[in-house]
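Engineer: What follows is a protein structure lacking sequence information:
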């Protein structure tokens, strides 16, 4: 075999090897490391803490958790927590109390309006606490907490949102600088 | 007839106050001691009392006789008596009354009902007396009577239906409330079970996302 032929043969063999090396180099090493640092057990611990904080908004046993907090990590975006609460335990219906009186409706509405600012404050604290616990998440990725508020059909929902969403990148969440959206 | 009085003067004169005062005093003195005269004087008093009790009547001015014109029957009574006592006149009057009755009946009697002949196949023609009013009129009367009888029942029925509807609506609203409350409590209990740690992530492995 002549020398130019040998060179081409070596170059042909080396081409797949070069491609393999290039593909290895294209994977961002930081994301992979972060994913490995967000464990399900870590998320579970944060979820339960979130439930406890939400349950402690009002007087004992007066805020109902209707959807336990769920958290998940989205690769390349961040961690999202969702929860569902009833800010006031509604009056019960039973044979001797078959309907909800207008007075009771008014009381429930007023109490929910009173507890709404406390809920916002608590959510900020949860977000900061979660950002602190999720050390494996890069500072540029998001920490999101969405709380859905449930209402009975008979309730007056004027001035009350259906959902409050707070989000911030991890670094901002630690400093309390969060974006709030209410629907 | 009473016995002759022993009074010094006539008792009737004394009774009718026709005696002078000295004579009256003598009679009164006697009456005090004479029971017979006192009794006679009492009788006179009773007689006068009975006479005054009778009703006054006018004395008739004149005595009437049967031959007087006052007792003659009136012309109407005489005519009636002569008519009643005459057989031919009574017969004529009866015939006249009968004729008048026939004429009145012919004028005022109702129209006879029309006769409708109904021909049936294979059967002899029958004569049926149709009602004086038409079928439509009868039906209208029946409808009116039925409507009148049914109207109060319909009103009552409508009121009952309204009540039943209201009750059902109330029951429906209570069921909706109960269902909503059941759903609420179900979600609350399920979340409480999760929060209480009844559900946990798998413990095998590291639990890390790879």
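Structural biologist: Yep, that arrived. The model shown is predicted, which means the values in this text are computed figures rather than measured ones. Numbering: from 1, shown residues only, chains lettered A, B, ... in the order given.
Engineer: What is the burial count for residue B:6?
Structural biologist: By the measure other C-beta atoms under 10 Å in any protein chain shown, the count of residues near residue B:6 is 10. In short, each C-beta sits where N, CA and C put it, glycine included.
Engineer: same deal with residue B:108?
Structural biologist: Close neighbours of residue B:108, defined as other C-beta under 10 Å, add up to 7.
Engineer: One more: residue A:78?
Structural biologist: Residue A:78 has 23 neighbours, counted by other C-beta under 10 Å.
Engineer: so it makes contact with residue A:139?
Structural biologist: No: under the contact definition of C-beta atoms under 8 Å, residue A:78 does not touch residue A:139, with a separation of 10.4 Å.
Engineer: Find the residues that touch each one of those two.
Structural biologist: A:169, A:170 (C-beta atoms under 8 Å, 6 or more residues apart in numbering or on different chains).
Engineer: By mean pLDDT, which helix or strand of chain A comes out lowest?
Structural biologist: helix A:29-37 (a mean of 51; mean pLDDT, DSSP states H and E).
Engineer: Against chain B, how distant is the residue nearest the centre of chain A?
Structural biologist: In chain A, the centroid-proximal residue (C-alpha atoms, centre = their mean) is residue A:81; its distance is 2.0 Å. From residue A:81 over to chain B the distance is 14 Å, taken as C-beta to the nearest C-beta, to the nearest Å.
Engineer: how far away is the closest residue to chain A within chain B from residue A:124?
Structural biologist: Taking C-beta to the nearest C-beta as the measure, the point where chain B comes nearest chain A is residue B:194, at 3.7 Å. For residue B:194, the distance to residue A:124 (C-beta to C-beta, to the nearest Å) stands at 24 Å.
Engineer: Kindly report the same for residue B:137.
Structural biologist: Between residue B:137 and residue A:124 the distance, using C-beta to C-beta, works out to 90 Å.
Engineer: ok, those two, which is more surrounded?
Structural biologist: residue A:124 (18 against 11).
Engineer: so what's the more buried one up against?
Structural biologist: Under the contact definition (C-beta under 8 Å, 6+ apart), the residues listed for residue A:124 are A:166, A:176, A:178.
Engineer: Excluding chain neighbours, what is closest to the last one?
Structural biologist: Nearest residue to residue A:178, sequence neighbours excluded (C-beta to C-beta, 6 or more residues apart in numbering or on different chains): residue A:168, at 4.1 Å.
Engineer: The one you found: neighbour count?
Structural biologist: For residue A:168, the tally of surrounding residues (other C-beta under 10 Å) stands at 23.
Engineer: swap in residue B:151?
Structural biologist: Neighbour count of residue B:151, defined by other C-beta under 10 Å: 10.
Engineer: same thing with residue A:119?
Structural biologist: Using other C-beta under 10 Å: residue A:119 sits among 20 other residues.
Engineer: Spit out the contact partners of residue B:195.
Structural biologist: Residue B:195 sits in contact with A:48, A:51, A:52, A:55, A:65, A:68, where contact means C-beta under 8 Å, 6+ apart.
Engineer: Local confidence estimate at residue B:197?
Structural biologist: Reported pLDDT at residue B:197 in the predicted model: 81.
Engineer: so it sits in a strand?
Structural biologist: No: checked against DSSP: H, G, I helix; E, B strand; the rest coil, residue B:197 lies outside a strand; its state is coil.
Engineer: who are the neighbours in contact with it?
Structural biologist: residue A:48.
Engineer: Just the residues contacting the helix or strand harbouring residue A:50, thanks.
Structural biologist: Using DSSP states H and E, residue A:50 sits within helix A:40-55. Identification of contacts with helix A:40-55 by C-beta under 8 Å, 6+ apart yields A:63, A:65, A:68-73, A:79, A:81, A:83, A:85, A:119, A:122, A:125-126, A:129-130, A:133-134, A:145, A:147, B:191, B:194-195, B:197, B:200-202, B:207-209.
Engineer: Strands - which of the residues you listed land there?
Structural biologist: Secondary structure defined by DSSP state E assigns A:65, A:68-73, A:79, A:81, A:83, A:85, A:145, A:147 of those to strands.
Engineer: close enough to count as contact, residue A:69 and residue A:81?
Structural biologist: Yes: checked against C-beta under 8 Å, the pair residue A:69 and residue A:81 is within contact range at 5.6 Å.
Engineer: What is the burial count for residue A:50?
Structural biologist: Around residue A:50 there are 27 residues (other C-beta under 10 Å).
Engineer: again, but for residue A:149
Structural biologist: Other residues lying near residue A:149 total 21 when counted by other C-beta under 10 Å.
Engineer: partners of it in the sheet?
Structural biologist: According to DSSP bridges, residue A:85 are recorded as the beta-bridge partners of residue A:149.
Engineer: For the longest helix seen in chain A, list every residue counted as buried.
Structural biologist: When every helix of chain A is counted residue by residue (DSSP state H), the longest turns out to be helix A:102-133. Going by neighbour count (16 or more other C-beta atoms under 10 Å in any protein chain shown), the buried part of helix A:102-133 is A:105, A:108-109, A:111-112, A:115-116, A:119-120, A:122-124, A:126-131, A:133.
Engineer: distance between it and the chain's centre?
Structural biologist: 17 Å (C-alpha atoms, centre = their mean, to the nearest Å).
Engineer: Close to chain B: what parts of chain A are there?
Structural biologist: Those residues of chain A that sit near chain B, judged by C-beta under 8 Å from any C-beta of the partner chain, are A:35-41, A:44, A:48, A:51-52, A:55, A:64-68, A:73, A:84, A:86, A:90, A:92-93, A:98-100, A:150, A:152-154.
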